[in-house]
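> fold the following for me, if possible:
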Amino acid sequence: MASTPLFDIFRIKDLRDRIFFTLGILLVFRLGAVLPIPGINGTALKLYFTQQQANGTSLTDYFDFFSGGAFHNFSIFMLGIMPYISMSIIMQLMVVVFPSFKKVSQEDGGKKKIHRWTRLGTVVVCLIQSFAVTELARSIPDAVSIPHWSFVLIAMLTVTTGTMFLMWMGEQINQRGIGNGISLLIFTGIVARIPDAFAQLFGAIQRGDLNPVFVILVLLLFIGVIALVIFEQQGQRKIPVNYAKRVVGRKMYGAQSTYIPFKMNPSGVIPIIFASSVLMFPLQIAGNLGSQVPWLGAVASFLRPRDIPYLVLYTLLIIFFAYFYTQVSLNPVEISKQVREHGGSIPGIRSEKMEEHLTRILNRIILPGSLFLALIAVIPQLIVMWIPGFPSALAYVMGGTSLLILVGVDLDTMSQIEGHLRMHHHEGFAKKGKIKSRNL
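Below you'll find the model as predicted:
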């Protein structure tokens with residue numbers, strides 16, 4: 001029987017153990033997503049969210065997008081991994097803006113110290129968001145079955161512990177499993193929403209709330225988005241670099257010509273995740289406490305995902321994070337320094353002008369790339385706005401954001417599996433070349 005990569009995966013003990021360990025962690029994540037907070041009445045909760053969706057005022061589908069339905073169930077994982085991502089953004093911004101934080105990050109053990117501060121900050125963010133969640137639960141008739149302050153204390157501790165446990169599970173996948181742990185948790189949450197999203201679609205068609213012609217047009221639109229995503233991911237600008245002859249030890253290396261590849265979208269889907277996380281934090285607090293605090297209610301109404309102000313702010317944040325993350329990950333000063341240290345030069349550009357040249361090229365390609373990302377991100381909201389009755393859950397799941405995440409995480413995981421196969425002298429999934437990672 002001919003050997004195939006699929007069979008080879010399970011013949012290699014180390015790889016097999018890593019895959020089963022990862023699947024086990026993801027199974028625990030899905031079980032936790034349906035396990036409710038103590039003191040919650042599931043029947044009253046389901047009735048409330050059903051009424052909210054019928055009125056078109058529910059934000060549940062938006063919050064459920066990254067948590068895999070955990071928010072709708074008021075589960076122990078209802079905040080998902082987003083508080084950690086929010087705090088990571090804050091720490092990265094502080095490292096860039098404040099010299100003292102940058103100095104700490106560059107010291108020996110500085111990255112571990114920054115990571116420890118990020119963990120502590122995540123606990124604070126979780127406590128704030130979990131308190132807002134308890135107030136939302138109290139506003140739902142018959143949803144809470146235990147005394148007020150007992151529920152507040154239990155819910156805050158449970159939800160905060162749930163998010164910290166998700167962080168730990170992501171780290172365990174990184175160390176003992178396969179793939180990027182945090183990315184796989186987001187990936188699993190999106191995939192888990194697909195069956196329910198299609199069930200809502202078929203239900204809307206059967207009830208006559210949705211015209212099948214619109215469904216076909218939307219599906220064709222999503223196919224077009226997939227094609228554009230693939231085209232955009234492959235687009236890059238190649239900067240030619242020439243290396244002069246150089247002597248290393250007793251050997252002389254001849255002149256070489258190569259290039260620096262600048263992708264049209266160097267930061268991938270990260271700007272969308274960052275922008276969603278930044279908006280989700282105030283939106284969740286305002287939406288949950290809006291019934292008790294008038295000005296928070298006004299903020300929640302202003303930031304509704306289906307309205308123009310939200311879409312404009314969302315687009316601006318995506319553009320900002322596209323520039324910010326590209327400058328962090330592709331620093332023209334560092335690239336120029338490495339090129340000069342290896343005796344390289346860019347044709348027609350003087351050595352001292354190399355940083356300026358690379359910065360100008362990056363700025364030119366990031367703007368259209370970020371605008372394309374923003375267009376992909378707002379497509380689900382536009383579909384829900386323009387096609388009454390179209391399930392928002394399906395729009396979020398099939399939107400460009402989820403497609404970028406699903407494809408990126410899948411390629412990264414497959415790339416790691418292929419690396420293990422080739423390390424053990426087995427054929428990879430690609431007969432020619434190798435799978436290119438798109439790590440989040």
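> any weak-confidence spans in the stretch 251-400 of the chain?
Residue ranges of the stretch 251-400 of the chain with pLDDT under 70: 251-255, 287-288, 290-293, 306, 400.
> next one: the stretch 51-200 of the chain
For the stretch 51-200 of the chain (pLDDT under 70), the answer is 52-59, 61.
> so what's the residue count around residue 349?
Neighbourhood size, residue 349 [other CB atoms under 10 Å]: 15. Placement of C-beta: from N, CA and C, glycine included.
> show me where the stretch 151-300 of the chain has its helices.
Listed in chain order, the helices of the stretch 151-300 of the chain (DSSP state H, counting those that start in this stretch) span 181-207, 212-234, 270-289, 294-302.
> gap between the longest one and the chain center?
Here helix 181-207 shows a centroid-to-chain-centroid distance of 16 Å under the convention CA atoms, centre = their mean, to the nearest Å.
> buried set for it?
For helix 181-207, burial by neighbour count (16 or more other CB atoms under 10 Å) applies to 181-193, 196-197, 200-201, 204.
> one more: the shortest one?
Of the residues in helix 294-302, 296, 299-300 count as buried by neighbour count, 16+ other CB under 10 Å.
> now distance to residue 162 too, for these, in TSV please.
As requested, the buried residues of helix 294-302 are exported to TSV (distance: CB to CB, whole Å):
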residue	distance to residue 162
296	24
299	26
300	24
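> centre-most residue in the protein?
Centroid-nearest residue in the chain, with CA atoms, centre = their mean: residue 273, separated by 4.2 Å.
> just to check, that one is in contact with residue 84?
No: counting by CB atoms under 8 Å, residue 273 stays clear of residue 84, with 11.5 Å between them.
> could the C-alpha coordinates of stretch 117-129 be exported in PDB?
C-alpha atoms of stretch 117-129 as PDB (Å, rounded to 0.1, in the frame of the first residue of the first chain):
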ATOM      1  CA  TRP A 117       2.200  42.600  32.700                       C
ATOM      2  CA  THR A 118      -0.100  41.600  29.800                       C
ATOM      3  CA  ARG A 119      -1.500  38.700  31.900                       C
ATOM      4  CA  LEU A 120      -2.100  41.000  34.800                       C
ATOM      5  CA  GLY A 121      -3.800  43.500  32.600                       C
ATOM      6  CA  THR A 122      -6.000  40.800  31.100                       C
ATOM      7  CA  VAL A 123      -7.300  40.000  34.600                       C
ATOM      8  CA  VAL A 124      -8.300  43.600  35.000                       C
ATOM      9  CA  VAL A 125     -10.000  43.800  31.600                       C
ATOM     10  CA  CYS A 126     -11.900  40.500  32.300                       C
ATOM     11  CA  LEU A 127     -13.100  41.800  35.700                       C
ATOM     12  CA  ILE A 128     -14.500  45.000  34.100                       C
ATOM     13  CA  GLN A 129     -16.200  43.100  31.200                       C
END
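> contacts for it?
Applying CB atoms under 8 Å, 6 or more residues apart in numbering, the contact partners of stretch 117-129 are 79, 83-84, 86-88, 90-91, 156, 159-160, 163-164, 167, 281, 284-285.
> so for that stretch, what gets flagged as buried?
In terms of neighbour count (16+ other CB under 10 Å), stretch 117-129 has its buried residues at 117-118, 121-123, 125-126, 128-129.
> got it, and stretch 272-288?
Buried residues in stretch 272-288 (16+ other CB under 10 Å): 272-281, 283-288.
> from the residues you listed, pick the one nearest residue 332.
The shortest gap between residue 332 and any of the buried residues of stretch 272-288 belongs to residue 274, at 21.3 Å (CB to CB).
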